[in-house]
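Undergrad: Sharing a sequence plus its predicted fold:
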Amino acid sequence: MSKFNVNVKECKGAVVVGDHAKLTIGATAGIPQEQHVPKQATSTRAHTPCQETGDDIIYQAKSGYALVINNYIFPQRTDVERHGSGEDVKGLKSLFDDFNFTTRTHDNLKQSEILELLRETSEKDFGRYDCFVCIILSHGFGDGIFGTDDVLIKIEAITSFFRRDECPSLEGKPKIFLIQACRGNQQDRVPIQRDSEPIPLASSSLPADADFLICFASAPGHQSYRQPELGSWFISTVVEIFKDYAEREHLMDMMLRVNNRVANFFSITGLKQIPCQVCMLRRKVFFNPTYK
């Protein structure tokens, strides 16, 4: 008998044979049962529920957790209320319901309350979610947003709660931040409310960790705009574009559409606005709308 032919009558464990060997298991007379061992085993890649296409840069976010912070009352300001912010919240809730997201909304938080909420949120177990989204609707300046007590919080401080070490259950998952707030005072002129007050310019570096996407309503140094009856130009456009295109386009393609549409808006005095993204995503993120 060839040394490459192996007969096994009974086996409860593993059998290791050489290349090109012929393995016969439990054969009876006249009924051979043969299994040829391939020259080299082919490895298979385990698929997570979010990756079913076989393409490493495709990511399906079938569920998610959305945190909405809506600061619309600023007692220390002349213009106390950010009119129209409620319309943004309604649109966002409708959108995330379509995406099978769990949505939590918190209104009118001071700087310390925002930081505490972010800390508590980062300690949650996001194991059953494919994606995390944080939306902040507030006044702002530079790379920061204001609490209702007019204390500035840098965006870097906000995103730091959700890095790998602070929030391990979100490692490898998209972490998306939508910031509806001014980033400065640059403007032409328009009878639409501003999202900031004049203060010294502040700058900050942005986080360099993977899988973050930070979307600002406006370019650095510029204001963003709202209409009381419709909401902000940026958030209302995000809702409309995502509802129209999420069935067939990934996140960054949709954000290009948001940029293009907002860039074509103008007030009666010709004021313009362009959103801005800082992208550290590694994959094309697709949502899973239930209305499709």
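TA: Right, received. Where do you want to start?
Undergrad: Next one: residue 117, what pLDDT does it get?
TA: We have a pLDDT of 98 for residue 117.
Undergrad: The one 10 residues further on too?
TA: Turning to residue 127, the model gives it a pLDDT of 97.
Undergrad: Touching, residue 259 and residue 273? I think so.
TA: No - at 10.1 Å, residue 259 does not count as touching residue 273 under the criterion of C-beta atoms under 8 Å. (Glycine included, C-beta is placed from N, CA and C.)
Undergrad: Settle it for me: which of these two has more neighbours?
TA: Using other C-beta atoms under 10 Å, the more surrounded residue of residue 259 and residue 273 is residue 273, with 22 against 18.
Undergrad: Quick check: that one is in a strand.
TA: No - Residue 273 is assigned coil when assessed by DSSP: H, G, I helix; E, B strand; the rest coil, not a strand.
Undergrad: OK, contacts around it?
TA: When contacts are counted by C-beta atoms under 8 Å, 6 or more residues apart in numbering, residue 273 is found next to 217, 218, 222, 223, 224, 225, 233, 234, 262, 263, 265.
Undergrad: same thing with residue 150?
TA: By C-beta under 8 Å, 6+ apart, the residues touching residue 150 are 74, 76, 77, 139.
Undergrad: Just put these in JSON lines and tack on distance to residue 62, secondary structure and pLDDT.
TA: Formatted as JSON lines, those follow (distance: C-beta to C-beta, whole Å; DSSP: H, G, I helix; E, B strand; the rest coil; pLDDT from 0 to 100):
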{"residue": "74", "distance to residue 62": "38", "secondary structure": "coil", "pLDDT": "98"}
{"residue": "76", "distance to residue 62": "43", "secondary structure": "coil", "pLDDT": "94"}
{"residue": "77", "distance to residue 62": "41", "secondary structure": "coil", "pLDDT": "95"}
{"residue": "139", "distance to residue 62": "35", "secondary structure": "coil", "pLDDT": "97"}
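Undergrad: Can you pick out the most distant pair from those residues?
TA: Pairwise distances across the contacts of residue 150 peak at 10.8 Å for 76 and 139 (criterion: C-beta to C-beta).
Undergrad: More neighbours: those two, which one.
TA: residue 139 (26 against 10).
Undergrad: May I ask you to confirm that the more buried one is in contact with residue 184?
TA: No - Residue 139 is beyond contact range of residue 184, at 11.9 Å (criterion: C-beta under 8 Å).
Undergrad: Number of residues surrounding the residue nearest to residue 212 when sequence neighbours are not counted?
TA: Excluding the flanking residues, the one nearest residue 212 by C-beta to C-beta, 6 or more residues apart in numbering is residue 280, at 4.5 Å. For residue 280, the count of nearby residues is 16 (other C-beta under 10 Å).
Undergrad: picking up where we left off before, from the contacts of residue 273, pick the one nearest residue 63.
TA: residue 234 (24.7 Å).
Undergrad: returning to what we had before: put together JSON lines for the contacts of residue 150, with distance to residue 248 on each row.
TA: Shown next, in JSON lines, are these (distance: C-beta to C-beta, whole Å):
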{"residue": "74", "distance to residue 248": "40"}
{"residue": "76", "distance to residue 248": "46"}
{"residue": "77", "distance to residue 248": "42"}
{"residue": "139", "distance to residue 248": "36"}
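Undergrad: quick one: which of these is nearest to residue 126?
TA: Closest approach to residue 126 among the contacts of residue 150 (C-beta to C-beta): residue 139, at 28.9 Å.
Undergrad: Tell me how many other residues crowd the residue nearest to that closest one when sequence neighbours are not counted.
TA: Among residues not flanking residue 139 along the chain, residue 146 sits closest, at 4.6 Å (C-beta to C-beta, 6+ apart). When counting by other C-beta under 10 Å, one arrives at 27 neighbours for residue 146.
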